[in-house]
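Peer 1: 3D, please:
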Amino acid sequence: MTLPRVLFVTGKGGTGKSTVAAALALARSRRRPTTLADLDRRICAAAMLGVTTVDGTAAKVTESLEVVALGARAELDAFIARIVPIRAISRRMLRSRTFGYVTAALPGLEAFLLLERLRIMAGDAALEDRYLVIDAPASGSALELLSVAAGVKNISPNGTLNRLADSVAAFLADPTRFGAIITVTPEELALREALETEANLRERLSITTVAAIMNRVPDSLFNTAELAALSPLGIHARLAVRRNASQEVASAMTRRLAKAGIATINLPMMFTPAMSTLRLGVLLDRGIRYLLVSPGAFGANEFHENADQWGIREVGEAGGTRLYRVKDIRSEPPPAIVPVSDSALETPPGTYDDTDPRIALRGPWMRDAQFLEPYHHTLTYTNIPGASISLAFTGSSITYVYTRGHNRGIAEVWIDDRLRERLDLYSSDTEWESRTTYDSLGPGPHEIRIRVTGQRQHDASDCFVDLDALIVGNRLPS
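Peer 2: Sure, this is the predicted structure:
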């Protein structure tokens, strides 16, 4: 991958934008001198590299890496100082009420001058054979920043600002000089924002997106046989399924980015062997009560040796993988898996979401609420062979609502203890709210049971089966 001299790093807040910018600048500095321009008001990237700096001043990190903090107001001050070289006059001008009215009448002027400063820095970098990495604002603010050149051209059709705006626009549109890096995490909202940002950069501003960097991608720790072995262990199996499902979500999102023409670089989830009271508080505040630590994980032995003093208690172990519970009197253990029983509630005609308590679960299933497309925005899924869901109902038909996808496998559909179909949920594209209806059942009562086989066709990447909803109907034979 050929990279432009200037890399503009943006992304949804919380996707690790500043971390990626700092790491990218450090990596590039190992090839040739690099400047990291920190536009973030919190100066996060600079802090990660162990330096402090103020607007317009550079701080050395290594012999080949420096960090400079840039602010829009400081660039306005510097611009006035350049065109009014007498310092006393320029300072008085900046402080005057009249000048305040002028700048207020030119929206985006300060941001535009910040872009002009970046263009000048890029030109200097080309002359000195340096790289420039920009820790930009979050994607919404970044798009506003990059759009101001066009606004300045409209406000000032002639003169100095117009010529500068032309220069800035040409700089941003040159893929050999400028390119965007968009950070994203394996979450639906972050992915949607990344796709929208790339489309806006390309269509509105003619700016090239070099790549998306997907941050915090977990490894898949368990294969199908290992998940099946964990199945009797309750919460252990639920956590194992969630871990593997997170990796599958990341893989699916990488394919969606590729379909949009965006190259993706995955960065792994990083773990630390140390655990502090502060970190435990963060876990508890986020509703995390259980930790699953595999024997090959970085720091696993130290974690086990120090768990008690960190306020973490081991509650189970299987194949070397240990399950820990964070001690907290406010927390409650996760709800027990609901077994299928003869006392399952019968349900009249209607639509029953996957979270409906009348739908009984056997085996470890995971619920996910991060997607917008499913019915009521929730899915229940697993890839553990033998796991099943069931619903007792009264009606003459029932419709199974599910998701087809690249990681879906084969499910058995049983109605009244009779196998009606082996249903393949695989599709190369994601198909939300797919439906299969079973009718001519008679008035009921009936019971539907959907069972995970653990089998899949050759092209499928896994054998997940999910439930989006069940629709009980009164469809009678014609």
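
Peer 1: quick one: low-confidence parts of the stretch 201-350 of the chain?
Peer 2: Under the criterion pLDDT under 70, the flagged ranges of the stretch 201-350 of the chain are 271-287, 295-302, 305, 309-311, 318-319, 327-346.

Peer 1: can you show me the strands along the stretch 101-250 of the chain?
Peer 2: 131-135, 178-184, 209-217 (DSSP state E, counting those that start in this stretch).

Peer 1: now the spatially most central residue of the chain: how far from Arg238?
Peer 2: Central residue of the chain (Cα atoms, centre = their mean): Thr185, 2.3 Å from the mean position. According to Cβ to Cβ, to the nearest Å, Thr185 and Arg238 sit 22 Å apart. The way it works is simple: take the backbone N, C-alpha and C, and place the C-beta from them, glycine included.

Peer 1: residue contacts, the residue nearest to Ala125 when sequence neighbours are not counted?
Peer 2: In this structure, Ala125 finds its nearest non-sequential neighbour in Leu132, 4.8 Å apart by Cβ to Cβ, 6 or more residues apart in numbering. Contact analysis of Leu132 by Cβ atoms under 8 Å, 6 or more residues apart in numbering lists Arg5, Val6, Leu7, Thr34, Thr35, Ala37, Leu118, Met121, Ala122, Ala125.

Peer 1: how close does Leu132 get to Arg32?
Peer 2: From Leu132 to Arg32 the distance is 11 Å (Cβ to Cβ).

Peer 1: and this protein, what are its domains?
Peer 2: As recorded under automatic domain parsing, the domains making up the chain are 6-217, 277-326, 346-473.

Peer 1: between those domains, which one is nearest to Leu227?
Peer 2: Closest to Leu227 of the domains of the chain is domain 346-473 (Cβ to Cβ; 5.4 Å).

Peer 1: just to revisit the earlier point, now for the contacts of Leu132, which pair is the farthest apart?
Peer 2: Those two in the contacts of Leu132 that are separated most widely, counting by Cβ to Cβ, are Thr34 and Leu118, at 14.6 Å.

Peer 1: circling back: columns distance to Ala229 on top of the domains of the chain, output as a markdown table?
Peer 2: Shown next, in a markdown table, are the domains of the chain (distance: least, Cβ to Cβ, whole Å):
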| stretch | distance to Ala229 |
| --- | --- |
| domain 6-217 | 25 |
| domain 277-326 | 7 |
| domain 346-473 | 10 |
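
Peer 1: of all these, which lies closest to Ala252?
Peer 2: domain 346-473 (6.8 Å).

Peer 1: the stretch of helix or strand Ile389 belongs to: partners in the sheet, and parallel or antiparallel?
Peer 2: Using DSSP states H and E, Ile389 falls within strand 388-393. With DSSP bridges as the test, strand 388-393 is paired with strand 346-347 (parallel), strand 360-362 (antiparallel), strand 446-452 (antiparallel).

Peer 1: what's that strand in contact with?
Peer 2: Taking Cβ under 8 Å, 6+ apart as the rule, strand 388-393 contacts 340, 344-348, 352, 358-363, 365, 380, 398, 444-452, 467, 470, 472.

Peer 1: my guess is Glu373 contacts Glu431. True?
Peer 2: No: with contact defined as Cβ atoms under 8 Å, Glu373 does not reach Glu431; the gap is 9.6 Å.

Peer 1: buried set for stretch 11-21?
Peer 2: Across stretch 11-21, burial judged by 16 or more other Cβ atoms under 10 Å covers Gly11, Lys12, Thr15, Gly16, Lys17, Ser18, Thr19, Val20, Ala21.

Peer 1: run through who's touching that stretch.
Peer 2: For stretch 11-21, the surrounding residues in contact (Cβ under 8 Å, 6+ apart) are 9-10, 36, 38, 40, 44-45, 48, 133-136, 138-139, 181-185, 189-190, 193-194, 197, 213, 215-216, 267.

Peer 1: hang on, the earlier thing: so the residue nearest to Ala125 bridges to which residues?
Peer 2: Listed by DSSP bridges, the beta-bridge partners for Leu132 are Val6, Thr35.

Peer 1: may I have the residues that are in contact with Ala37?
Peer 2: Residues counted as contacts of Ala37 (Cβ under 8 Å, 6+ apart) are Val68, Leu70, Leu118, Met121, Leu132, Val133, Ile134, Asp135.

Peer 1: and stretch 196-214, end to end?
Peer 2: Criterion Cα to Cα, to the nearest Å; first-to-last residue distance in stretch 196-214 is 15 Å.

Peer 1: what do you get for stretch 8-27?
Peer 2: In stretch 8-27, first residue to last residue: 15 Å (Cα to Cα).

Peer 1: where does the stretch 51-200 of the chain have low pLDDT?
Peer 2: Applying pLDDT under 70 to the stretch 51-200 of the chain flags residues 53-56, 71-109, 154-156.

Peer 1: what packs against the longest helix anywhere in the chain?
Peer 2: Longest helix of the chain, by residue count under DSSP state H: helix 235-259. In terms of contacts (3 or more Cβ pairs under 8 Å, 6 or more residues apart in numbering; DSSP states H and E), helix 235-259 is packed against helix 188-205, strand 209-217, helix 224-230, strand 264-268, strand 290-293, strand 312-318, strand 321-326, strand 366-368.

Peer 1: of those, which stretch is the most buried?
Peer 2: strand 209-217 (a mean of 22; mean count of other Cβ atoms under 10 Å).

Peer 1: which strands and helices lie in contact with it?
Peer 2: helix 17-29, strand 178-184, helix 188-205, helix 235-259, strand 264-268.

Peer 1: what's the closest of those to Arg408?
Peer 2: Judging the helices and strands packed on strand 209-217 by Cβ to Cβ, what sits closest to Arg408 is helix 235-259, at 10.2 Å.

Peer 1: okay, angle between the closest one and strand 178-184 too, please.
Peer 2: Here the directions of helix 235-259 and strand 178-184 differ by 160 degrees (axes from the mean of the first three to the mean of the last three Cα atoms, to 10 degrees).

Peer 1: tell me the buried residues in helix 235-259?
Peer 2: Within helix 235-259, the residues scored as buried using 16+ other Cβ under 10 Å are 235-254, 256-257.

Peer 1: just give me how far that helix sits from the chain centre.
Peer 2: 12 Å (Cα atoms, centre = their mean, to the nearest Å).

Peer 1: got the angle between it and strand 264-268?
Peer 2: Here the directions of helix 235-259 and strand 264-268 differ by 160 degrees (the same axes, to 10 degrees).

Peer 1: circling back to that earlier point, for the record, mean pLDDT for the strand holding Ile389?
Peer 2: Averaged across strand 388-393, the pLDDT comes to 92.

Peer 1: what of stretch 23-35?
Peer 2: The average pLDDT for stretch 23-35 rounds to 93.

Peer 1: what's the answer for stretch 412-425, then?
Peer 2: 94.

Peer 1: list the buried residues in it.
Peer 2: Buried-residue list, stretch 412-425, by 16+ other Cβ under 10 Å: Glu412, Val413, Trp414, Ile415, Leu423, Leu425.

Peer 1: thank you kindly, that will do.
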